[in-house]
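Chemist: The following comprises the amino acid sequence and a computationally predicted model.
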Amino acid sequence: MSGDHSHSEDQIDGGSRFNDSHKHKDKYKEKEHKHKDHKKDKEREKSKHGNSNHKDSSDKKHRDKEKEKMKHKDGSTDKYKDKHKEKKMKSIDVKVKKENGFASPPQVKSEPEDGFYHSPKNEKSLKRERDDDNDSEFKPKKIKTENDKKAKKRKQDEDIKPKKTKNKREVTDGKKKAKKEPEEKWKWWEEERYTDGSKWKFLEHKGPVFAPPYEPLPSHVKFYYDGKPMKLSPEAEEVATFFAKMLDHEYTTKDIFRKNFFKDWRKEMTAEEKAKLTDLKKCNFTEMSEYFKAQSEARKAMTKDEKLKIKTENERLLQEYGFCIMDNHRERIANFRIEPPGLFRGRGDHPKMGMLKRRIRPKDIIINCSKDSKHPEPPPGTKWKEVRHDNKVTWLVSWTENIQGSIKYIMLNPSSRIKGEKDWQKYETARRLKKCVDRIRNQYHEDWKSKEMRIRQRAVALYFIDKLALRAGNEKEEGETADTVGCCSLRVEHIKLYPENDGQEYVVEFDFLGKDSIRYYNKVPVEKRVFKNLQLFMENKEPDDDLFDRLNTSVLNKHLQELMDGLTAKVFRTYNASITLQQQLKQLTSADENIPAKILSYNRANRAVAILCNHQRAPPKTFEKSMQNLQTKIDAKRDQLSDAKRELKSAKADAKVRRDEKSKKAVETKKKAVQRIEEQLMKLEVQATDREENKQIALGTSKLNYLDPRISVAWCKKWDIPVEKIYNKTQREKFAWAIDMADEDFEF
DNA sequence: CGTTCGACTTAGCAGGCCGTGT
DNA sequence: ACACGGCCTGCTAAGTCGAACG
């Protein structure tokens, strides 16, 4: 390989990093078998580069070489700065007292003295506590005493009130920012947090909602084998319907999918079925498939009444099972329905696609709740696998899934206290990184020159994580999952080095499949020293060898932990995402623009982050069409505008002649009309731009997971933009803490 | 020490809900 | 009132990372 990498065509397309990853799958497929045994590779690598002696000598050689070339370098390139231009770079005393000198006053938190509150026994403090205490903006303290009162009161009368009814007004009067927060909303962020590692003191819930039982097909819907109708046993039939439902999907044509499916299907068959059904190709599911399509049509065609009935029933289920009581508050559960059985479809080229995801029964279920709560009842005649009372975890229900053998959980909604606190804490950690990132960057620049290979590798990897916002890249078990990588698991075949490319020096081309098999493609100029190191790391390796053979995520994170308390690889993503948003907003927002234009700016800032984090999406199927529609609207609006202008002109002329009040008024009216239309036109145009730029970029992920909401809230307040323009209802619920506490001066 | 497990966050997509424009 | 399409929500897979394990 090497020479002709098969990407030329990709590069053409506008230098875009965005390509349909799935289209490229085949390329990766070939490679797949090649790098079959990683562990071995790694070992081999190690011995290749030997320990001490070999390594040292080769390192040294390079070191010397680099030294001379290194001169002009080092000052991080402008490019780099561009990307990370922080405003406050000056701090010379990067060192500072910082991230450990927490003065955390482990104050005695007053524990409400009633029934289910028992005092924490082990008072080991949590990271989170340190974060907080350490952070100036973050002061639950003063509120403390007050909180205690509240806490007590909370516990007795308890606001276990049924859902939120209000809200409505807040939307309607949108503009004048919700003057009165409905006081029923619990502001957990003004209260103390647990310091003893417990996640709750009291937890009560109704358990999960199971998937509805299988309903056998009506007898007129037939399955055919080898052209002949065949009645299947209910078990086999159910699995057959899973396949039938996916029939128009491309993956039912894939070998692996079919093979996995057939194998698992046979396990559900009776002996006779098993004997008879030996070839998937002879199976005809089309009648079943048609039947399901008809069903779904029928569902769409239901009357209002029927739909309403379903809706009501769903609401009932939600009210009954969708909430729990945690520490005296009624909190929304994220996923209270157990995943129904079906055929597993992993993302990308997944070796297990098509396998049967089995039905979860009560005896698979572990319930977690407090001892003194009313325990959820298993369905009649069944038993839970276990009921436990572990308040060191946040989940309510768990079970083990059969495809990967991993554990699945039922947990709370993002709007819950328990998720919110964690989220808040995450951003506080990122803000602490901001305080010492210069120091850390200096350090890894230094480490590029280390005589130890492992340190250089660590330093280069960290540089990628920082500069490119790559994920950490844990190793994965081969054959269990799609072949995807992150930073630490990059292989030689995933990068190409160009001493010079398009007039730039030391360019690295990345091309690999990351999480969810989304392709990461990027060409970046790097510091010379990085480049040289990469050459060194790649020496004598095969394409499927690990690029960083002396590094893994655990080593890296251990190192990071030493640099800053709570620092891990993913904190860099959070930090860089948030700081980028803040900078971009500062840079792109202009005071004199109207609201739609400002929102475009916001979206562009958001987009910059999404691009940084490589958050892609498939272009919406209806993209072209909707673009066209929009264009049509714009054209119409243009016509309307010129009409209005013409009218204005004639009205003016008229007024000039007549000089009476009435015609003057008419002019004013027309003027207003023109203005209004201009505004509308502009709004449409902005919308078009926004949409076009957003074609294959997904903003949601960064908005939800990487951008400190307080930055957005502050921006809204500063420019008098209603938060509703930025966050929809769900998002506002999730970020209620930020909306409540950030003012326009908030600085990330 | 490396490996596995457990808990929790991050991710894109399908499908349907709902608001908009006619 | 209705059709259309955009966006929201639910879903669940796929990551990260620390701790337990052997």
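Modeler: Structure received.

Chemist: now the helices for the stretch 301-450 of chain A?
Modeler: For the stretch 301-450 of chain A, the helices defined by DSSP state H, counting those that start in this stretch occupy A:304-321, A:417-447.

Chemist: The ones you listed into JSON lines, with extra columns for distance to DNA strand B?
Modeler: C-beta: built from backbone N, CA, C; applies to glycine. Shown next, in JSON lines, are those (distance: least, Cβ to the nearest atom of the strand, whole Å):
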{"stretch": "helix A:304-321", "distance to DNA strand B": "6"}
{"stretch": "helix A:417-447", "distance to DNA strand B": "4"}
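
Chemist: Just say which of the ones you listed is most tucked in.
Modeler: Highest mean neighbour count of the helices of the stretch 301-450 of chain A: helix A:417-447, a mean of 19 (counted as mean count of other Cβ atoms under 10 Å).

Chemist: Off-centre distance for the next helix or strand after it?
Modeler: Once the chain leaves helix A:417-447, the next helix or strand it forms, by DSSP states H and E, is helix A:453-468. Put simply, helix A:453-468 sits 24 Å off its chain's centre (Cα atoms, centre = their mean, to the nearest Å).

Chemist: returning to what we had before: among the helices of the stretch 301-450 of chain A, which gets the worst mean confidence?
Modeler: Of all those, the minimum mean pLDDT falls on helix A:304-321 (a mean of 87).

Chemist: Residues touching it, excluding its own?
Modeler: Identification of contacts with helix A:304-321 by Cβ atoms under 8 Å, 6 or more residues apart in numbering yields A:162-163, A:205-209, A:302, A:333, A:336.

Chemist: Now do the buried residues in the top helix by length along chain A.
Modeler: If you go by DSSP state H, chain A has its longest helix at helix A:623-658. Residues of helix A:623-658 classed as buried by neighbour count (16 or more other Cβ atoms under 10 Å): A:630, A:634, A:637, A:641, A:644-645, A:647-648, A:651-652, A:654-655.

Chemist: Could you pick out the buried ones from the contacts of helix A:304-321?
Modeler: Among these, those buried by neighbour count (16+ other Cβ under 10 Å) are A:205-209, A:333, A:336.

Chemist: Kindly provide the distance from residue A:512 to residue A:487.
Modeler: Distance, residue A:512 to residue A:487, by Cβ to Cβ, to the nearest Å: 10 Å.

Chemist: Those two: who's more crowded?
Modeler: Taking neighbours as other Cβ atoms under 10 Å, residue A:512 and residue A:487 compare with residue A:487 leading, 25 against 22.

Chemist: I am assuming that one contacts residue A:474, so please confirm or correct that.
Modeler: No - using Cβ atoms under 8 Å, residue A:487 is not in contact with residue A:474, being 10.1 Å away.

Chemist: Contact partners for the residue in the stretch 151-300 of chain A positioned nearest to DNA strand C?
Modeler: Nearest residue of the stretch 151-300 of chain A to DNA strand C (Cβ to the nearest atom of the strand) works out as residue A:211 at 8.2 Å. Residues near residue A:211 by Cβ under 8 Å, 6+ apart: A:337-341, A:359-360.

Chemist: Among those residues, which one sits closest to DNA strand B?
Modeler: Nearest to DNA strand B, judged by Cβ to the nearest atom of the strand, of those is residue A:339 at 12.0 Å.

Chemist: returning to what we had before: now distance to residue A:500, pLDDT and secondary structure too, for the buried ones among the contacts of helix A:304-321, in JSON lines please.
Modeler: Shown next, in JSON lines, are the buried ones among the contacts of helix A:304-321 (distance: Cβ to Cβ, whole Å; pLDDT from 0 to 100; DSSP: H, G, I helix; E, B strand; the rest coil):
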{"residue": "A:205", "distance to residue A:500": "62", "pLDDT": "96", "secondary structure": "coil"}
{"residue": "A:206", "distance to residue A:500": "65", "pLDDT": "96", "secondary structure": "coil"}
{"residue": "A:207", "distance to residue A:500": "63", "pLDDT": "96", "secondary structure": "coil"}
{"residue": "A:208", "distance to residue A:500": "59", "pLDDT": "97", "secondary structure": "coil"}
{"residue": "A:209", "distance to residue A:500": "61", "pLDDT": "96", "secondary structure": "strand"}
{"residue": "A:333", "distance to residue A:500": "56", "pLDDT": "96", "secondary structure": "strand"}
{"residue": "A:336", "distance to residue A:500": "57", "pLDDT": "96", "secondary structure": "coil"}
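
Chemist: and the residues you listed, which two are the farthest apart?
Modeler: A:205 and A:209 (11.3 Å; Cβ to Cβ).

Chemist: mind listing the helices for the stretch 151-300 of chain A?
Modeler: Using DSSP H, counting those that start in this stretch, the helices of the stretch 151-300 of chain A run over A:168-172, A:234-245, A:255-268, A:271-276, A:286-300.

Chemist: any idea of the mean pLDDT for the third one?
Modeler: The average pLDDT for helix A:255-268 rounds to 96.

Chemist: Can you give the contact residues for that helix?
Modeler: Residues contacting helix A:255-268 (Cβ under 8 Å, 6+ apart): A:235-236, A:238-240, A:243, A:251-252, A:274, A:277, A:280, A:343-345, A:350-356.

Chemist: Cross-check those against DNA strand C and keep the overlap.
Modeler: Near DNA strand C, taking Cβ under 7 Å from any atom of the strand as the test, the members of the contacts of helix A:255-268 found are A:344-345, A:350.

Chemist: Please indicate which of these has the highest neighbour count?
Modeler: Using other Cβ under 10 Å as the neighbour test, these are led by residue A:350, with 23 neighbours.

Chemist: which residues touch that one?
Modeler: Counting by Cβ under 8 Å, 6+ apart, residue A:350 touches A:256, A:344, A:481-482.

Chemist: out of those, which are buried?
Modeler: The neighbour count (16+ other Cβ under 10 Å) marks A:344, A:481-482 as buried among the contacts of residue A:350.

Chemist: By residue count, what's the longest strand in chain A?
Modeler: Longest strand in chain A by number of residues (criterion: DSSP state E): strand A:504-513.

Chemist: Neighbouring strands - and their directions - for that strand?
Modeler: Its sheet considered, strand A:504-513 pairs with strand A:495-501 (antiparallel), strand A:519-525 (antiparallel) by DSSP bridges.

Chemist: Format these as a markdown table; extra columns: mean neighbour count and mean pLDDT.
Modeler: Listed next are the strands paired with strand A:504-513 as a markdown table, based on neighbours: other Cβ atoms under 10 Å; pLDDT from 0 to 100:
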| stretch | mean neighbour count | mean pLDDT |
| --- | --- | --- |
| strand A:495-501 | 14 | 97 |
| strand A:519-525 | 19 | 95 |
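
Chemist: Domains in chain A, by residue range?
Modeler: Per the record, chain A has its domains at A:223-301, A:306-413, A:421-566, A:579-741, by the TED database.

Chemist: Can you report how many residues lie near whichever residue of the stretch 201-350 of chain A sits closest to DNA strand C?
Modeler: Distance from DNA strand C to each residue of the stretch 201-350 of chain A (Cβ to the nearest atom of the strand) is smallest for residue A:346, at 3.0 Å. Residue A:346 sits with 20 neighbouring residues when counted by other Cβ under 10 Å.

Chemist: show me the contacts for it.
Modeler: Residue A:346 neighbours (Cβ under 8 Å, 6+ apart): A:352-353, A:481-482.

Chemist: Redo those as TSV? Include pLDDT and distance to residue A:492.
Modeler: Formatted as TSV, the contacts of residue A:346 follow (pLDDT from 0 to 100; distance: Cβ to Cβ, whole Å):
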residue	pLDDT	distance to residue A:492
A:352	95	27
A:353	95	28
A:481	93	21
A:482	95	19
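
Chemist: re the thing from before, which of the buried ones among the contacts of helix A:304-321 are close to DNA strand B?
Modeler: Counting by Cβ under 7 Å from any atom of the strand, no member of the buried ones among the contacts of helix A:304-321 is near DNA strand B.
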